[in-house]
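Q: structure, please.
(one chain, ligands or ions: 1)
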Amino acid sequence: MTDDKHAAEFAGTRWVPDQYLHFSGHRLRPALELLARVPLDSPRFIVDLGCGAGNVTRILAQRWRTAAVLGVDNSGDMLSQARAEPGDIAWQQADVADWRPEQPPDLIYSNAALHWTDRHEELFPRLAGFLRQGGCLAVQMPLSWDQPSHRLMREILQDCDGGGRTLGTAALRNALARKWVQRAEVYYELLSPGARSLDIWATEYLQVMEGEDPVLQWVQATGLRPILNSLAEDEREIFLAVYRRRLREAYPPRPDGRTLFPLARLFIVAVL
Ligand SMILES: C[S@@+](CC[C@H](N)C(=O)[O-])C[C@H]1O[C@@H](n2cnc3c(N)ncnc32)[C@H](O)[C@@H]1O
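A: Okay, here's the model as predicted:
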């Protein structure tokens with residue numbers, strides 16, 4: 001990892017809830033597949049870290065109706081959307097990097113959020129250490145860093161015109177260059193010393209996308225946010241024109257108009 005600060009703060013991520021929920025079917029499936037592997041019968045206190053607009057948090061609350069449920073996120077916009085729906089879930093604005101629970105949770109669940117935070121070698125043991133004995137840490141993170149969608153972002157920031165012209169600040173390029181998710185073995189090394197059981201696996205989804213430039217639309221709600229929020233308007237236009245063109249080459253629409261967008265995800269379920 002190349003930088004001390006977590007990338008989202010560094011590059012000004014700023015989330016847009018409606019944009020993120022656009023592909024909610026594709027985004028929800030790994031959340032449910034992670035949830036299905038949590039081996040707890042009746043947890044009393046559940047935390048959803050990086051809860052976003054709270055749609056998965058509400059599923060956690062429905063699955064374990066007697067549990068106290070807390071959703072934690074550092075985006076005020078995401079939490080406003082989460083709070084808009086009435087319910088018993090508590091919401092907290094905090095950064096995962098320095099968040100600590102007031103009482104030991106039975107379950108810390110995190111879907112598609114922890115890759116935004118650096119220093120996993122400290123973060124994962126720290127989160128596991130917060131749990132009540134027998135508690136569970138359940139995490140899903142996308143393995144998109146070396147996929148064309150994300151590799152092209154870095155390449156275009158480094159050289160947008162084939163002549164070496166960079167875009168954005170060195171800080172932005174460094175934040176994007178950091179490897180967001182480590183190899184599965186790294187998480188095994190981090191969590192196995194204290195774990196009663198540890199289940200780590202990856203799944204690649206062949207996502208069938210509809211519409212024009214669907215991969216661009218997908219990343220605009222997630223991985224592209226630091227770039228869109230950090231570039232000046234003229235640079236943003238240059239970036240988007242080159243990126244759109246190169247995405248179409250990397251993910252060409254099929255004759256039926258659909259686009260195939262493979263995306264692998266890493267799942268970790270540790271019982272402590
Ligand atoms: C891709 S969304 C996932 C939201 C939700 N977990 C879901 O599955 O729908 C990532 C979320 O992580 C949050 N996030 C990113 N970095 C964070 C950090 N350092 N601390 C707290 N939340 C963070 C973002 O604000 C965003 O809501």
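Q: Q92 - that's part of a strand, no?
A: Yes. Counting by DSSP: H, G, I helix; E, B strand; the rest coil, Q92 is part of a strand.
Q: how many neighbouring residues does it have?
A: Residues lying near Q92 (other CB atoms under 10 Å) number 15. Every residue, glycine included, has its C-beta placed from N, CA and C.
Q: quickly find the element holding the residue nearest to it when sequence neighbours are not counted.
A: Excluding its sequence neighbours, the residue lying closest to Q92 (CB to CB, 6 or more residues apart in numbering) is V72, at 4.9 Å. V72 is located in strand 68-73, with elements delineated by DSSP states H and E.
Q: show the subsequent helix or strand relative to that strand.
A: Of the helices and strands lying after strand 68-73 in sequence (DSSP H and E), the nearest is helix 76-84.
Q: let's verify the residue in the stretch 151-272 of the chain that the ligand sits nearest to: helix, strand, or coil?
A: Proximity of the stretch 151-272 of the chain to the ligand (CB to the nearest ligand atom) peaks at T222, 5.2 Å away. With three-state DSSP as the basis, T222 sits in coil.
Q: how close does it sit to S24?
A: Distance from T222 to S24, counting by CB to CB, to the nearest Å: 13 Å.
Q: number of nearby residues for the closest residue to N74 other than its chain neighbours?
A: Of all residues not flanking N74 in the chain, D95 sits nearest, at 4.7 Å (CB to CB, 6+ apart). Other residues near D95 come to 15 when the count uses other CB under 10 Å.
Q: D95 and M209: what is the separation?
A: Distance of D95 to M209, computed by CB to CB: 32 Å.
Q: please apply the same query to P226.
A: Relative to M209, and taking CB to CB, P226 is found at 22 Å.
Q: among those two, which residue is more densely surrounded?
A: Remark: of P226 and M209, P226 carries more neighbours, 23 against 17, as counted by other CB under 10 Å.
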